[in-house]
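# Mind looking at a prediction? Sequence and model below.
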Amino acid sequence: MLTTRYVTGAPNWIDLGTPDIDGAASFYGALFGWRFRPGGPETGGYGFFQLDGRTVAGGMQTTADQGPPSWTVYFQSPDADATAKAAEQKHGSVLVQPMDVLDRGRMAILADQAGVHFGIWQPGATKGLDVVQEQGSLCWLELYARDLPAAAGFYNALFGWETSALTFAGGSYTTVHPEGTEPDAMFGGIVPLEDDPTQSSTGAWLPYFEVPDTDAVVAAAQERGGTVRLPATDLEDVGRIAELADPYGARFAVIKSAPPQA
C-alpha cells in the first residue's frame, strides 16, 4: 500500500497540469473536498491541493504547448540527475531536464521506453505528499503498457522495482513494489494496454483516489462537466472503481476499497 514513509522508487508526489486552475480547483473540491492554495510569486503559479490543511497534490495552469491536461506521477529518486541519465540509457527520454525547485527538492520529467511520461522527485525540504491512502487522497497507480515485460524491465532498471502476480479467476494482475520491500508494500499495477483501448496508444499512468462512495463521485463529476470513461464497477475483494476525466480532459480513477480481508 502507499505510505508517506517514502523510499527510493516509491510514488511521493502527484500534480495536475490544466488550462484552468480555478475551474479544476472547483471540480476537484466538489469531488474530494480539496482546497487549492496558490504558491507565492516564486513558484511561478504552482500551488497545492489540500485536504484539511494537508497537501494531497500539486497543480498549476498550463498552456497547450506544455502538453494536454494531465496528472503526472512522481517517484522518489536519491539523485535526479543520475536517474534521468539512466532513463536515457534504457531507451527512455528526458522531457524536462533536472532542476532545483527552490530548497524543496530537485525534479525532472521523463518518459519511459514507450513514451509514457512520469516525474522524479529528489526530496529536499519537501519530502513528498502529506497524506496518501485516506479518503480524498492518492491510493493506487496503474501503468497501461503496450509491452508489460519491457515496461517492468525499464522501471526495474531505473528504480529497482520488484513485481508480483496476483491471480484471479480468468487471469492475473502484475503489481509493483519498491526494491527490498515485501509484496504487501505494492503501490500499483502494470496493465496490458489492450485491456483498456480508451488509453493513449503509448500507454499512460492512471492515478486512483480513495472515495467513500464511488457512485456519488461519478454523479458529481458528470454534474460538473467531467466524463465517465469506465462506469462504476465492482471488483471482487478489491472495491468499486470508476475511471473519469475532468472537464479539461485529465484522466484519473476513483475507488471505494473493499474492507481488508480477515
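Cool, got the structure. Residues are numbered from 1 along each chain as shown.

# which helices and strands does the helix or strand containing V191 pack with?
Taking DSSP states H and E as the criterion, V191 maps to strand 188-192. In terms of contacts (3 or more C-beta pairs under 8 Å, 6 or more residues apart in numbering; DSSP states H and E), strand 188-192 is packed against strand 138-145, helix 148-159, strand 171-177. For every residue, glycine as well, the C-beta is placed using N, CA and C.

# for the protein, what are the low-confidence residue spans?
The chain contains residues with pLDDT under 70 at 197, 261-262.

# Output stretch 206-213 in CSV with nothing but the alpha carbons.
Output of stretch 206-213 as CSV, limited to C-alpha atoms (Å, rounded to 0.1, in the frame of the first residue of the first chain):
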residue,chain,number,x,y,z
LEU,A,206,-3.5,6.4,-14.1
PRO,A,207,-3.8,7.7,-10.5
TYR,A,208,-6.6,6.3,-8.2
PHE,A,209,-8.1,8.4,-5.4
GLU,A,210,-9.9,6.8,-2.4
VAL,A,211,-13.5,7.8,-2.0
PRO,A,212,-16.3,6.9,0.4
ASP,A,213,-18.9,6.4,-2.4
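
# Could you number the chain from 15 rather than 1 from now on?
Renumbered: residue one is now 15, and that last one reads stretch 220-227.

# which parts of stretch 232-245 are buried?
In terms of neighbour count (16 or more other C-beta atoms under 10 Å), stretch 232-245 has its buried residues at V232, A234, A235, R238, G240, R243.

# Let me fix that, I meant to ask about stretch 118-135.
For stretch 118-135, by 16+ other C-beta under 10 Å, it's 119-128, 130-135.

# what does stretch 157-177 give?
Across stretch 157-177, burial judged by 16+ other C-beta under 10 Å covers 157-160, 162, 165-166, 168-173, 175-177.

# try stretch 96-103
Per 16+ other C-beta under 10 Å, stretch 96-103 contains these buried residues: T97, A98, A100, A101.

# list the contacts for the nearest residue to the last one once chain neighbours are set aside?
It stands for A101. Closest residue to A101 apart from its sequence neighbours, by C-beta to C-beta, 6 or more residues apart in numbering: L124 at 4.7 Å. Each residue near L124 by C-beta atoms under 8 Å, 6 or more residues apart in numbering is listed here: T97, A98, A101, G106, S107, V108, L109, H131, F132, G133, I134.

# so, if you compare these, which one comes nearest to T228?
Closest approach to T228 among the contacts of L124 (C-beta to C-beta): F132, at 25.8 Å.

# Shouldn't the closest one be within a helix?
No. Counting by DSSP: H, G, I helix; E, B strand; the rest coil, F132 is not part of a helix but strand.

# any idea how far V145 is from it?
21 Å (C-beta to C-beta, to the nearest Å).

# what's the answer for R19, then?
Taken as C-beta to C-beta, the span from R19 to V145 is 13 Å.

# P221 now?
When P221 is compared with V145 (using C-beta to C-beta), they lie 14 Å apart.

# Could you do Q75 as well?
Applying C-beta to C-beta to Q75 and V145 gives a distance of 24 Å.

# just A71 next, same as before
A71 is 10 Å from V145, by C-beta to C-beta.

# who has more neighbours, those two?
A71 (24 against 18; other C-beta atoms under 10 Å).

# how many neighbours does the nearest residue to the more buried one once chain neighbours are set aside have?
Spatially, and ignoring its direct neighbours in sequence, A71 is nearest to F63 (4.3 Å; C-beta to C-beta, 6+ apart). Burial measure for F63: 24 neighbouring residues, criterion other C-beta under 10 Å.
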